[in-house]
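Participant: Quick one, fold the following:
(chains A and B)
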Amino acid sequence: MKTPQLIYGKRLTGEEKLYNFFAMLGGITVFVVEYFKYFFIPPYEIEETKKHMADFGMKTLPIVSTMGIIIGFVMALQSYFVLEPLGATDFIPGSLGISILREFAPILTALLFAGRVSSGIGAELGSMRVTEQIDAMEVSGINPFKFLVVPRVTASTLILPLLTVYVIFISVIGGYLATFLQEQMNITYYFNSMISYIDMNDILQGMIKTFFFGFMVGIVGSYKGFTTEGGTVGVGLSTTSAVVTSSLLIIFIDMIMVKLGMM
Amino acid sequence: MAGNKIIRIENLTKSFGEKKVLDDVSFDVLEGENLIVFGRSGTGKSVLLKSIVRLLKPDAGAIFFEDENILTMKEKKLLETRKQIGFLFQSGALYDSMSVRDNLAFPLRKLTKLPAEKINDKIEKTLELVDLSEAIDKMPAELSGGMRKRIGLARTIITEPRVILYDEPTTGLDPITSKEISSLILSLQRKLKTTSIVVTHDLICAQIISDRVIFLKEGKLYIEGKLETIKEKDDKFIKNFFSNEILTEAE
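Facilitator: Now for the predicted structure:
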C-alpha cells in the first residue's frame, strides 16, 4: 500500500485516517520504549522533574479541588435521596467512600489532569518543534527526548497519584457537608462508618491505576507535541488531539484495570 | 586560509514524495573556508544543511566529517560529532522559556563540566563578541530580529564548534542589520578560526563572507568557484540570479 502523504489542515480520507491511527499507536509504543531506555541512563534530570511536578500540580489544583468537593457533595446527596426512603442512610459514608476511592476520584482527576497537562505539554513541545527549538537542541549534541520528554512523563506519573489522594480527601469532606446538611450526621460517626466499609483492596484498586493514567497523559502529550508539524495549525491540532487521545486511553485503561481487579 | 577537507559530501540524494530535492550532489568543504550555498528557493539548500547534522536522513550518498560518515555513525558518536558542528537557524531558534543568559548557559551546563562562575564568564565574553552584553537578562520575546540572530550566533559559538552551518542568517533583516550580521560572521570566523557553510540568497552577505560559492539548481550541483569568477560567467541562470533586471525566457 502506498503511504498517504498527510497534510495538516486538509480533510483526510478514510484510508488516511486509518493510516494515521495506526501510525499514532506505533509512535506511542516507540515513545514508551524510548522513555524506559532514557529513564535509566544518567544524567538524571531531577531538577526538571521537580519543576514539572510543581507546575502540573499547581495548574491542576484549583479545578480538581472544585470538582472534588462538588462531586463528593452531589454523590452524598444522590445517595441520601435513594437510601433515605429505605431508612438506610447509615450506608451513605461507606458507599460514598468506596465509589470515591475505587472510581470517581481516580478517573475524574485523571480526565481533568489530561485536559490541563496533556494539552499543555502538547502545546509547549509542539511550539518548540515548529520554531526549531527541538532541532536546535538536537544539533548542539543534547538529546531532546531525555531533556524534554523524560522529566515531563516522570513528573506526570508521580504527581497524578498525589493529586488523586488530595481529591479523595476533598470529596470525602464534600460528602460530609451534604450528609450533615440532610441528616446532621456526626463527623466521628461519618468517618468511622466510612473506614469500616473500606478495605486495602479498594485503596489499591483506586491508586494503582492512577500511575498508569499519569504515565499515559505524559506520554501522549509529549508524543503529540514532539511529532507536531504544519506550523501553528499543527500546534492547535496536536493540543486538541493530545487531550482527546489521552482521555480515551484513560477510560480504556480504567476498563482493563477494573476487569483485572475483579479477577 | 583554507586547509584539509573537513567535510566531504558524496552523491547525496534526497526526495520528498515524488520531488527530488537533492540529486547526486557531491562537494568538499575545506577547513577554515567560508562556503556559500546559493540556489533558488526549494532547491534543497536547507535540506543539505540539515542532512550534514543528520536532522534529515538522505535517501542515498554519504557525508564525511573528517573521515567518518555522519549518516551511518552510532548515536553516541553522532552526539560527539554534533558538538563540533554549530548550527544557526533562520529564526535563531532561541529557547523562549529561558533568558538570554540561560540560553547560552544551557549547552555548557549539559555538555561540559565547567563550574558556574566559568560558565558565567564565558557567557559575558561571548555576548561581548556579538556586541549584546546588555541583553543578558532579557527574554527572547523582548529581542528584535537582529538581536535574536546575534544571540543565536552567540549560543552557537559558545561551545567552540569547528564548523558552523548558517541557514539564511540575514533573511528577514533590514539591509543595514544584514550587513552587520554578515560582518559579524566574518569577524567571528577569523577570530575563532571556524569553517562555515552559509545558505543564503543575500548577495551582499556572500560578497562579505565568501571564500567559495556553490550553486544548486533543481537539486543538482550546478557550478562552484570564486564568487567574482562565477559572476562573470556567460550563463543565463547565473546572470538571472545576479541581475537586478527582470530577464525573460526569450532573452
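Participant: residue contacts, A:L61?
Facilitator: By CB atoms under 8 Å, 6 or more residues apart in numbering or on different chains, A:L61 lies in contact with A:L163, A:Y166. Any C-beta I mention is one placed from the backbone N, CA and C, and that applies to glycine too.
Participant: in which helix or strand would I find residue 25?
Facilitator: Went with chain A since none was named. Using DSSP states H and E, A:L25 sits in helix A:14-39.
Participant: That was the other one, I meant chain B.
Facilitator: Assigned by DSSP H and E, B:V25 belongs to strand B:19-30.
Participant: what does the stretch 151-251 of chain B put close to chain A?
Facilitator: Proximity of the stretch 151-251 of chain B to chain A is confined to B:T159 under the rule CB under 8 Å from any CB of the partner chain.
Participant: Where does the stretch 151-251 of chain B get nearest to chain A, which residue?
Facilitator: With CB to the nearest CB as the measure, B:T159 is the residue of the stretch 151-251 of chain B nearest to chain A, at 6.7 Å.
Participant: Just to check, that residue is in contact with A:S140?
Facilitator: Yes - counting by CB atoms under 8 Å, B:T159 does reach A:S140; the two are 6.7 Å apart.
Participant: Just give me the longest helix of the chain.
Facilitator: With no chain named, the answer covers chain A. helix A:46-83 (DSSP state H).
Participant: wrong chain, I was asking about chain B
Facilitator: Counting residues, the longest helix found in chain B (DSSP H) is helix B:175-192.
Participant: for it, packing partners?
Facilitator: Applying 3 or more CB pairs under 8 Å, 6 or more residues apart in numbering or on different chains; DSSP states H and E, one finds that helix B:175-192 makes contact with helix B:145-157, strand B:195-199, helix B:203-209.
Participant: Next, the angle from the longest one to helix B:175-192.
Facilitator: Between the direction of helix B:145-157 and that of helix B:175-192, the angle (axes from the mean of the first three to the mean of the last three CA atoms, to 10 degrees) works out to 10 degrees.
Participant: Same check on the second one?
Facilitator: Strand B:195-199 and helix B:175-192 meet at an angle of 160 degrees, taking the same axes, to 10 degrees as the criterion.
Participant: Just checking: what are the partner strands of strand B:195-199?
Facilitator: Counting by DSSP bridges, the strands paired with strand B:195-199 are strand B:34-39 (parallel), strand B:163-167 (parallel).
Participant: quick one: it to strand B:19-30, angle?
Facilitator: Computed by the same axes, to 10 degrees, the angle separating strand B:195-199 from strand B:19-30 equals 150 degrees.
Participant: rewinding a little: ok, which of the helices and strands packed on helix B:175-192 comes nearest A:G115?
Facilitator: helix B:145-157 (33.4 Å; CB to CB).
Participant: Identify the residues contacting the closest one?
Facilitator: By CB under 8 Å, 6+ apart, the residues outside helix B:145-157 that reach it are B:86-89, B:91-94, B:100, B:103-104, B:106-107, B:126-127, B:129-132, B:135, B:140, B:143, B:164, B:169-170, B:172-174, B:177, B:180-181, B:184-185, B:188, B:192, B:194.
Participant: go with 7 Å
Facilitator: Contact partners of helix B:145-157, identified using CB atoms under 7 Å, 6 or more residues apart in numbering or on different chains, comprise B:86-89, B:92-94, B:100, B:103-104, B:107, B:126-127, B:129-130, B:132, B:135, B:140, B:143, B:164, B:169, B:172-173, B:177, B:181, B:184, B:188, B:192.
Participant: Alpha carbons of it, as PDB, please.
Facilitator: What follows is helix B:145-157, C-alpha atoms only, in PDB (Å, rounded to 0.1, in the frame of the first residue of the first chain):
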ATOM      1  CA  GLY B 145      15.000  40.100  14.800                       C
ATOM      2  CA  GLY B 146      18.700  41.200  14.500                       C
ATOM      3  CA  MET B 147      19.300  40.700  18.200                       C
ATOM      4  CA  ARG B 148      17.800  37.200  18.100                       C
ATOM      5  CA  LYS B 149      20.200  36.300  15.300                       C
ATOM      6  CA  ARG B 150      23.200  37.700  17.300                       C
ATOM      7  CA  ILE B 151      22.100  35.800  20.400                       C
ATOM      8  CA  GLY B 152      21.500  32.700  18.300                       C
ATOM      9  CA  LEU B 153      25.000  33.100  16.900                       C
ATOM     10  CA  ALA B 154      26.400  33.600  20.400                       C
ATOM     11  CA  ARG B 155      24.800  30.400  21.600                       C
ATOM     12  CA  THR B 156      26.200  28.600  18.500                       C
ATOM     13  CA  ILE B 157      29.800  29.700  19.100                       C
END
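Participant: and it, average pLDDT?
Facilitator: In this model, helix B:145-157 has a mean pLDDT of 91.
Participant: Pull out the buried positions in it.
Facilitator: B:G146, B:M147, B:R148, B:K149, B:R150, B:I151, B:G152, B:L153, B:A154, B:R155, B:T156, B:I157 (16 or more other CB atoms under 10 Å in any protein chain shown).
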